[in-house]
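Asks: fold the following and give me the result.
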Amino acid sequence: MKRAALLSLSCLCLLVSCARSPASGQEPTREAVSLQSAYTDDPYVRECIDLFLFDGQSLPDATPLHTLSWEVTSGQAELHDNIITKTAEAAEYEPISLRVTYGEEQIEFSDLTLCDPQVGYVIVYFTSEGPDQEQLKLAYTYNCEYWFKINMDRGILKPSIGTGRLRDPSLVRRKEGGFTLLATQGYDTDSIYAFDTMNLAEYTNERVLKLNASSDNSMSETQAWAPEAIYNHELGQYVILFSSPNDGGSFYSLTEDFEKVSYPAPLLEPGYPTIDLTLTRTSNGWVGLLKDEREPMEAYSRILRANGLCIGDLTVEAKPVFPRQQMEGPMIMKSLEKEGWYIFTDDYTRSSYKGFYTKDITSGTLEELDDTDLMIPLEQPSHGYALPVTWKELERIWEVYPEP
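Replies: Below is the predicted model:
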C-alpha cells in the first residue's frame, strides 16, 4: 500500500515537473509615461528617424512644419545630398551621432547605429494548422513581390513555456545588438512571448512578459495580442504595442530591456474594438494600419488607417483603406525599387496573404495586386511582420538554414 502511494506521488511530481511554466509573466511595477509629446515646436522631429539606419538611406529633409538640416557629429559616416553613407573604416554596425537643425532649434541623436545597406526583408509568420502550427516560420524577399522560403516553410521555434502557442510574431532591433522576437501567446492570456537572437535563426532567453495588467483593475487581464515594438528616443525606451478587444482597442507598455515592463496605457480607443496595429514612419508623421474587430465580421473586419505626428497622437480614420472584408494582421514594407509601399494582409478565409500597393500610405488609395503577379510560396501563412535586413544578416540565417 505504501509502495503504491509512493508510486502515485512520484508520478504526480513527474507530471508537475513536466508541466509548462505559468502563462502569465511578472506583474509590472511602474506606470507608463505618456507618449503625447510635451514639445510644441515640432514634436515629430524627435521621432522622425529610427534607432537603426542603413548605408545609403535618405534622411528626412522636412516635416510638415519645418525643413531639416542634418550633420554627422560622430562615427564613421558621411552625408551627401541628405544621404548617409559609411566610410571605408566603418564597422558592420557603426555607432554614430547626428544633429538635426530646424528653424532655430537643434536636436542631437547620440544613440544611433548605421548598418550596411538594406537588401530586403526577413518575414516572420506562423500557421494556424498543420504539424508545425503556431510555431515561428521565416521567409525573405528582395523586392516585396517575390518571396522565398527559409527552412522549406517549416517551423524553426516552438515555445517550451507558457501556452506553447506562438502567434503574430514581430521583430525589433536591440540598441545593444541583436534582436528580440515578440509574439502572441495563444488567445486568452495577459502575457506575450519574448525571445532573443543574434542571427535571426537561433532564439534564446525564452520568457513571458505580462502586458495586460493594471494597478486599479481597469484592464481585463485577458488578452495581449499582436505585440510590436518601436524605440522612442525621447524616452530612451521601447514602446510595446498590443491589442485587447476585451479592453476596447490598442495599448502600449514601456520597457528598457524586454525583461521588465510598465503597466499599459491606452494608445487608440476609437469607440469600438480594434486589433493588430502596426506602425511605420513617413515624411508626414506616423501611419498605422489596424483591423476593425466589430461584429458581424461580414460587415466589418476591414483594415483601417490611423495618422499622427507622434505615436501618442494617432487618430483612426472611419473609412477603411479597402472595401474587402475579413482581413487582419496588416504588414507594411516600403518598396526598395520604386516610390511607394506594399501592404500584405492576412486574408484568413482563404488562408493566404493578400497584397496591395500604394504610392502614398498616408492618405492614398490601395491598389489590389493580382495574386498571379506575386510569388508567395508559403502554405497557409498567417499574420506576419517584415524586418529590413542587410546581406550579411541574410547570410547568417543561411548558415543555419542553407538555401536548397
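Asks: for the nearest residue to residue 400 once chain neighbours are set aside, pull up the helix or strand it's in.
Replies: Once flanking residues are discounted, residue 400 sits nearest to residue 201: 3.8 Å by CB to CB, 6 or more residues apart in numbering. Backbone N, C-alpha and C define where each C-beta goes, glycine included. For residue 201, there is no helix or strand it lies in under DSSP states H and E.
Asks: can you get me a residue count around residue 201?
Replies: 19 (other CB atoms under 10 Å).
Asks: cool, residue 71 as well?
Replies: The burial count for residue 71: 11, using other CB under 10 Å.
Asks: that one: which element?
Replies: strand 69-74.
Asks: before we move on, the earlier item: quick one: the residue nearest to residue 400 from residue 388, how far?
Replies: Residue 201 is 17 Å from residue 388, where distance means CB to CB, to the nearest Å.
Asks: wait, the residue nearest to residue 400 sits on residue 396?
Replies: Yes - counting by CB atoms under 8 Å, residue 396 is a contact partner of residue 201 at 6.7 Å.
Asks: returning to what we had before: what residues of the strand holding residue 71 count as buried?
Replies: Buried residues in strand 69-74, counting neighbours by 16 or more other CB atoms under 10 Å, are found at 70, 72.
Asks: direction included, what does it pair up with?
Replies: strand 94-102 (antiparallel) (DSSP bridges).
Asks: any idea of the mean pLDDT for the strand it pairs with?
Replies: Average pLDDT, strand 94-102: 97.
Asks: pull that strand out as PDB, backbone CA atoms only.
Replies: Once non-C-alpha atoms are left out, strand 94-102 reads as follows in PDB (Å, rounded to 0.1, in the frame of the first residue of the first chain):
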ATOM      1  CA  GLU A  94      28.700  51.600 -36.800                       C
ATOM      2  CA  PRO A  95      27.700  53.800 -33.800                       C
ATOM      3  CA  ILE A  96      27.000  57.300 -35.000                       C
ATOM      4  CA  SER A  97      25.600  60.600 -33.700                       C
ATOM      5  CA  LEU A  98      23.500  63.000 -35.800                       C
ATOM      6  CA  ARG A  99      22.500  66.600 -35.200                       C
ATOM      7  CA  VAL A 100      19.400  68.000 -36.900                       C
ATOM      8  CA  THR A 101      18.700  71.700 -37.200                       C
ATOM      9  CA  TYR A 102      15.200  73.100 -37.800                       C
END
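Asks: now that strand, how far from the chain's geometric center?
Replies: 24 Å (CA atoms, centre = their mean, to the nearest Å).
Asks: next secondary structure after that strand?
Replies: strand 105-115.
Asks: mind listing what's buried in that next one?
Replies: Under 16+ other CB under 10 Å, the buried positions of strand 105-115 are 107, 109, 112-115.
Asks: among those residues, which one lies nearest to residue 84?
Replies: Nearest to residue 84 among the buried residues of strand 105-115 is residue 114, at 6.7 Å by CB to CB.
Asks: which residues sit in contact with the residue lying closest to the closest one once chain neighbours are set aside?
Replies: Excluding its sequence neighbours, the residue lying closest to residue 114 (CB to CB, 6+ apart) is residue 94, at 4.4 Å. Applying CB atoms under 8 Å, 6 or more residues apart in numbering to residue 94 gives the contacts 75-77, 86, 113-115.
Asks: which of those lies closest to residue 298?
Replies: residue 115 (44.2 Å).
Asks: give the contact list for residue 116.
Replies: Residue 116 touches 54-55, 86, 92, 390-392, counting by CB under 8 Å, 6+ apart.
Asks: repeat for residue 219
Replies: 212-213, 244, 247, 264.
Asks: let's see it at 7 Å
Replies: 212-213, 247, 264 (CB atoms under 7 Å, 6 or more residues apart in numbering).
Asks: list just the nearest of the residues you listed to residue 229.
Replies: Of those, the one sitting nearest to residue 229 (CB to CB) turns out to be residue 264, at 13.4 Å.
Asks: follow-up on the earlier one: can you tell me which two in the buried residues of strand 105-115 are farthest apart?
Replies: 107 and 115 (21.5 Å).
Asks: give me the residue at the spatial middle of the protein.
Replies: In the chain, the centroid-proximal residue (CA atoms, centre = their mean) is residue 228; its distance is 3.5 Å.
Asks: go ahead and confirm that residue touches residue 168.
Replies: No - counting by CB atoms under 7 Å, residue 168 is not a contact partner of residue 228; they are 8.7 Å apart.
Asks: any idea how far residue 250 is from the residue nearest to residue 37 when sequence neighbours are not counted?
Replies: In space, residue 37 comes closest to residue 43 once its chain neighbours are excluded; the distance is 3.5 Å by CB to CB, 6+ apart. Going from residue 43 to residue 250 by CB to CB gives 20 Å.
Asks: neighbour count winner among those two?
Replies: Ranked by neighbour count (other CB under 10 Å), residue 43 and residue 250 place residue 250 first, with 29 against 21.
Asks: where do the helices sit along the stretch 201-350 of the chain?
Replies: Assigned by DSSP state H, counting those that start in this stretch, the helices in the stretch 201-350 of the chain number zero.
Asks: ok, residue 288 to residue 223 distance?
Replies: 19 Å.
Asks: the closest residue to residue 87 other than its chain neighbours: neighbouring residues, count only.
Replies: Leaving aside its sequence neighbours, residue 87 sits nearest to residue 76 (CB to CB, 6+ apart; 4.4 Å). Close neighbours of residue 76, defined as other CB under 10 Å, add up to 16.
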